[in-house]
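Novice: Build the 3D model from these lines:
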Amino acid sequence: MQIHPKEQNSGLLTAFVITTSLLVATTMIALMLTTCILPYLQAVEKVSHQLDIDEEIDRSPHYRMSSLIDICWVLVSTVSLFLFTLDVILMSWIKFTYFSITASLVATAIMTPVLVLILLFGYFFYR
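Specialist: Residues are numbered from 1 along each chain as shown. Sure, this is the predicted structure:
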């Protein structure tokens, strides 16, 4: 991303770096957790065919790892989407303000309802 040298706003750049770093971190954590959990779930499925299903369901990682699975879903479906949308808003202010404040305002006006919808979805879906 090229930034015009005459119009650098350190506050916007700092906010952009923070949200981008958090976006990458939440996505990587969710990816790591899902790749670690999936083999356990596949192992239980394979073993459940060989053993008594009632015994195996009680020992299933579905129950022990349910909090990790919930964290993955919240990170991927709400937090990462929220941070990405916020990044788009910040990027429009960093990149386009020098050329047109109207363009930055329009991008913010379009993306703000998206931010609200993501937050409402996350709240109602995960409560």
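Novice: Who are the packing partners of the biggest helix by length in the chain?
Specialist: For the chain, the longest helix by residue count, based on DSSP state H, is helix 10-50. Using 3 or more CB pairs under 8 Å, 6 or more residues apart in numbering; DSSP states H and E, the elements in contact with helix 10-50 are helix 53-58, helix 61-64, helix 66-74, helix 80-96. Every residue, glycine included, has its C-beta placed from N, CA and C.
Novice: worst average pLDDT in the ones you listed?
Specialist: Within those, confidence is poorest for helix 53-58, with a mean of 55 (mean pLDDT).
Novice: Please tabulate the helices and strands packed on helix 10-50 in TSV, including the columns mean neighbour count and distance to L13.
Specialist: Output for those, formatted as TSV (neighbours: other CB atoms under 10 Å; distance: least, CB to CB, whole Å):
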stretch	mean neighbour count	distance to L13
helix 53-58	10	52
helix 61-64	12	43
helix 66-74	14	28
helix 80-96	19	6
